[in-house]
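1. Just the structure for this:
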Amino acid sequence: MTKRTKIILISFAALLVIVSPLFAQQRGLRNRDQTQKIYMDILQAERCNPQVNRDGDIEFRVGRDEYVLSIDRRDPQFFEFYSIISYRDNRRISDDKIINAANHANTTVDVAKVYFNLDRRLVYFNIQTYLGEPSDLKELFPRFMTAIRDSQRAFNSKI
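-> Residues are numbered from 1 along each chain as shown. Below you'll find the model as predicted:
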């Protein structure tokens with residue numbers, strides 16, 4: 001075997017060692033529909049009665065509260081989970097009070113964050129993260145629910 005052949009074989013072996021994990025990782029990725037089905041199955045097992053809306057997001061209820069689980073079309077590993085509360089009918093709550101309540105919740109509760117629309121009448125309680133495997137939602141769902149509810153309680157304590 002010539003020196004040149006050895007160099008080519010070693011280079012090729014090194015390239016395989018570097019590139020093969022990338023191919024394995026690529027095979028593990030799921031598309032939005034596959035991810036959506038896994039999330040639906042998990043939420044059905046949790047008895048949340050999930051439904052897919054016209055945008056392809058999953059809407060579900062826990063008790064009397066409504067939630068949305070959104071899957072990014074471009075990146076199915078991106079996970080957004082949120083609840084919306086409307087303060088539209090209650091004009092007695094000042095904008096400053098809503099801003100202060102949101103700031104309080106954001107600094108008190110990890111993971112879940114609060115933001116609002118421009119007229120400050122729709123308040124969003126939100127978690128955004130990446131899930132490597134959609135099945136990870138099964139283990140994380142109770143923690144996400146706790147974080148959202150803690151954020152809502154912290155917000156409401158200042159309203």
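
2. only C-alpha atoms for contact and neighbour calcs from this point on.
-> OK.

3. can you pull out the strands in this structure?
-> 51-52, 58-62, 65-71, 78-86, 113-116, 122-130 (DSSP state E).

4. Distance of residue 141 relative to residue 100?
-> According to CA to CA, to the nearest Å, residue 141 and residue 100 sit 28 Å apart.

5. before we move on, back to that, please work out which of the strands of the chain is packed deepest.
-> Among the strands of the chain, strand 113-116 has the highest mean neighbour count (mean count of other CA atoms under 10 Å), at a mean of 20.

6. other SSEs contacting it?
-> Contact analysis of strand 113-116 by 3 or more CA pairs under 8 Å, 6 or more residues apart in numbering; DSSP states H and E lists helix 95-108, strand 122-130 as its packing neighbours.

7. again, only this time at 6 Å
-> Helices and strands touching strand 113-116, as assessed by 3 or more CA pairs under 6 Å, 6 or more residues apart in numbering; DSSP states H and E, comprise strand 122-130.

8. where's the strand it packs on relative to the chain centroid, distance-wise?
-> Relative to its chain's centre, strand 122-130 lies at 8 Å (CA atoms, centre = their mean, to the nearest Å).
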